[in-house]
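Enquirer: okay, predicted coordinates and the sequence, questions at the end:
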Amino acid sequence: MDRTDPRLGLVVTHRRYVPYSHAHYAGNLVDGAYSLGLFGDVATEVCIRTDGDEGLFASYSDVQFRAPVRAGDVVEVRAELVRVGSRSRTIEFTASVIARGRPDLSESAAGVLDEPVVATTATGTVVVPAS
């Protein structure tokens, strides 16, 4: 592993509105797999930017569900490349709720949160073809 690799520290961020069609549980909760799907999307962009290939997700070494994600939320997903091997890449992920629906005010009310709420964190490994 080369600690001076210029790809290290690359950060990719996506934002996504969580539609009500994704709610599975009472209180319009969305299942944890929703965040993992977003992590896969942002990991794909990391691989495209660093290696010119979509890569393949190999594993998660840690996943923490820290706060709920609900339909009507706007979620920001951040991926940071923290390790570059010959074919593997280790990425740290964070999914944060940055805006949330306010059904207590009206059906379509929503607001930006004063502070983002970290909903899910993970560390994952992707693999890319040999160069």
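Expert: In hand now; what should we look at?

Enquirer: any chance you could list what contacts the strand or helix carrying Arg49?
Expert: With secondary structure defined by DSSP states H and E, Arg49 is part of helix 33-51. With contact meaning Cβ atoms under 8 Å, 6 or more residues apart in numbering, helix 33-51 is reached by 7, 10, 12-14, 16, 18, 22, 53-55, 57, 60, 63, 65, 69, 75, 77-79, 81, 84, 89, 91, 93, 95, 119-120, 122, 124, 126, 128-129, 131. Heads up, the C-betas are built off the backbone N, CA and C, glycines and all.

Enquirer: what do you get if the cut-off is 7 Å, keeping everything else the same?
Expert: Helix 33-51 is touched from outside by 7, 10, 12, 14, 16, 22, 53-55, 57, 69, 75, 77, 79, 81, 89, 91, 93, 95, 119-120, 122, 124, 126, 128, with contacts defined as Cβ atoms under 7 Å, 6 or more residues apart in numbering.

Enquirer: how far off centre is stretch 76-88?
Expert: In terms of Cα atoms, centre = their mean, to the nearest Å, the centre of stretch 76-88 is set 12 Å apart from its chain centre.

Enquirer: quick check: buried residues in it?
Expert: Neighbour-count burial for stretch 76-88, with 16 or more other Cβ atoms under 10 Å as criterion, is recorded at Glu76, Val77, Arg78, Ala79, Glu80, Leu81, Arg83, Val84.

Enquirer: and the first one, what does it touch?
Expert: Contacts here follow Cβ under 7 Å, 6+ apart; on that basis Glu76 touches Thr13, Arg15, Ser96, Ile98, Pro116.

Enquirer: residues contacting the first one?
Expert: Think Thr13. Glu76, Val77, Arg78.
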